[in-house]
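Enquirer: Quick one: sequence and predicted model below, then my questions.
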Amino acid sequence: MTTATSGTKRIEVDSLTRRFGQSTAVDAVSFTVEPGRMTGFVGGNGAGKTTTMRMIMGVLGIHEGEVRWDGRPIGLRDRASFGYMPEERGLYPKQPVLDQLIYLGQLRGMTRKDASNEATALLERFDLGGRLKDKLESLSLGNQQRVQVAAALLHRPTALILDEPFSGLDPAAVDSMVGLLRERTRDGVPVLFSSHQLDLVDRLCDSLVVLAHGTVRAAGTSDELRARGPRRHRLTTDGDAGWLRGQPGVDVIDVAGNSAVIEFTADSAREQTVRAAVDRGLREFSPIVPTLSEIFREAVQ
Ligand SMILES: Nc1ncnc2c1ncn2[C@@H]1O[C@H](COP(=O)(O)OP(=O)(O)OP(=O)(O)O)[C@@H](O)[C@H]1O
């Protein structure tokens with residue numbers, strides 16, 4: 001089977017809005033999922049991630065806005081070429097694992113043989129080579145999750161929309177899935193995945209979209225967001241660092257012994273503070289790169 005990726009197509013989410021009754025679950029949400037990039041989609045419970053993904057996949061109607069693929073309004077065939085792992089999952093508990101993957105592959109236009117070969121290879125990759133004939137329900141939840149991901153990857157999708165693909169997976173399973181997704185992104189496939197595991201998102205994603213109450217609070221590459229994040233510094237001198245509390249233009253975030261984490265509230269304060277620190281025996285003055293968790297907390301405040 002040929003790989004259906006072009007490596008240059010992006011998903012554009014443009015001002016998507018969805019209401020449920022009186023409440024607006026997704027409110028003019030815009031972002032791009034670039035080819036060859038893993039884009040993490042984060043936000044608290046009820047932020048609107050699943051609703052947005054459902055609109056991208058066309059399983060939920062769009063009230064306003066548009067989704068574009070390769071610069072054009074997305075169509076049925078485009079969506080059929082995507083791999084989607086829905087929140088509600090979609091496989092049959094009582095059917096053998098391999099059989100249903102073959103069936104799904106055939107639904108997506110694969111021959112039985114191709115579907116069988118690809119499904120077997122994916123399941124082996126996920127250490128499920130010995131479970132091909134087992135019913136899905138006899139597998140542990142984490143292993144069922146692996147099968148769900150295999151189902152989304154089976155037909156060499158042109159893009160991947162994965163709703164919490166890592167939830168419930170042990171670290172080894174996360175690593176093998178990450179390896180697989182990285183291979184697909186290297187082929188140019190855009191990947192959008194939601195997750196509540198910020199440490200994992202930090203390690204994995206090239207770009208990030210932060211959602212809160214149905215609106216985008218921050219979006220960009222991890223580096224861009226880090227550069228925009230809080231500019232904090234660690235400053236260490238001889239003696240107690242409490243003196244920084246009286247320093248004009250300095251917000252003291254934390255003091256521990258002779259070391260403090262500070263933020264400058266005025267640019268002019270920087271030079272003045274470093275000079276004062278030199279007089280007190282400066283040992284360290286270094287910028288602190290914010291973690292994704294810090295960026296996230298700041299963005300959703
Ligand atoms: N079918 C529906 N009918 C009514 N309200 C809905 C429906 N689907 C979602 N909502 C509401 O839309 C909002 C966004 O929900 P959504 O599931 O998209 O959030 P989420 O970010 O995926 O949350 P979580 O991380 O908890 O899965 C919530 O307030 C939710 O209650």
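Expert: Perfect, I can see it now.
Enquirer: does the closest residue to Ile74 other than its chain neighbours belong to a helix or a strand, and which?
Expert: Computed as C-beta to C-beta, 6 or more residues apart in numbering, the closest residue to Ile74 that is not its neighbour in sequence is Val67, at 4.6 Å. All C-beta spots, glycine's among them, are computed from the backbone N, C-alpha and C. With the criterion set as DSSP states H and E, the secondary-structure element containing Val67 is strand 64-69.
Enquirer: ok, now Arg234?
Expert: Secondary structure here is read from DSSP H and E; on that basis Arg234 sits in strand 232-237.
Enquirer: What is that strand packed up against?
Expert: Packed against strand 232-237, as judged by 3 or more C-beta pairs under 8 Å, 6 or more residues apart in numbering; DSSP states H and E, are the following elements: strand 259-264, helix 269-279, strand 282-288.
Enquirer: separation between Leu60 and Arg18?
Expert: As for Leu60, its distance to Arg18 is 7 Å (criterion: C-beta to C-beta, to the nearest Å).
Enquirer: Those two - which one has more neighbours?
Expert: A count of neighbours by other C-beta atoms under 10 Å puts Arg18 above the other of Leu60 and Arg18, at 22 against 17.
Enquirer: and the closest residue in space to the more buried one that isn't next to it in sequence, how many neighbours?
Expert: Spatial nearest neighbour of Arg18, excluding adjacent residues (C-beta to C-beta, 6+ apart): Val26 at 4.4 Å. Close neighbours of Val26, defined as other C-beta under 10 Å, add up to 29.
Enquirer: Likewise for Gly105?
Expert: For Gly105, the neighbour count with other C-beta under 10 Å is 23.
Enquirer: ok, now which ones touch it?
Expert: 112, 114-116, 118-119, 154-155 (C-beta atoms under 8 Å, 6 or more residues apart in numbering).
Enquirer: Which single one of these is nearest to Ser138?
Expert: Each of the contacts of Gly105 was checked against Ser138 using C-beta to C-beta; the closest is Ala119, at 17.4 Å.
Enquirer: Please report how far Ile56 lies from Thr273.
Expert: Relative to Thr273, Ile56 is positioned 47 Å away (criterion: C-beta to C-beta).
Enquirer: Which stretches in this protein count as strands?
Expert: Using DSSP state E, the strands of the chain run over residues 11-20, 23-33, 38-42, 64-69, 72-73, 83-85, 160-162, 191-194, 207-212, 215-221, 232-237, 250-256, 259-264, 282-288.
Enquirer: would CSV of those strands with distance to Ser176 and mean pLDDT be doable?
Expert: As requested, the strands of the chain are arranged in CSV below (distance: least, C-beta to C-beta, whole Å; pLDDT from 0 to 100):
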stretch, distance to Ser176, mean pLDDT
strand 11-20, 25, 97
strand 23-33, 23, 97
strand 38-42, 15, 94
strand 64-69, 29, 97
strand 72-73, 35, 96
strand 83-85, 16, 93
strand 160-162, 15, 96
strand 191-194, 15, 96
strand 207-212, 23, 93
strand 215-221, 25, 92
strand 232-237, 36, 93
strand 250-256, 38, 93
strand 259-264, 37, 94
strand 282-288, 33, 92
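Enquirer: that older thread, isn't the residue nearest to Ile74 up against Pro73?
Expert: Yes. Counting by C-beta atoms under 8 Å, Val67 touches Pro73, with 7.3 Å between them.
Enquirer: So those two - more neighbours on which side?
Expert: Val67 (19 against 11).
Enquirer: List the residues that contact that one.
Expert: The contact partners of Val67, taken as C-beta under 8 Å, 6+ apart, are 11-14, 16, 55-56, 73-74.
Enquirer: Now a PyMOL select for only the buried ones of those residues.
Expert: Selecting the buried subset of those in PyMOL, with 16 or more other C-beta atoms under 10 Å as the burial test, is done by:
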select buried, resi 11+12+13+16+55+56+74
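Enquirer: Mind splitting this structure into its structural domains?
Expert: As assigned by automatic domain parsing, the chain contains the domains 11-226, 229-300.
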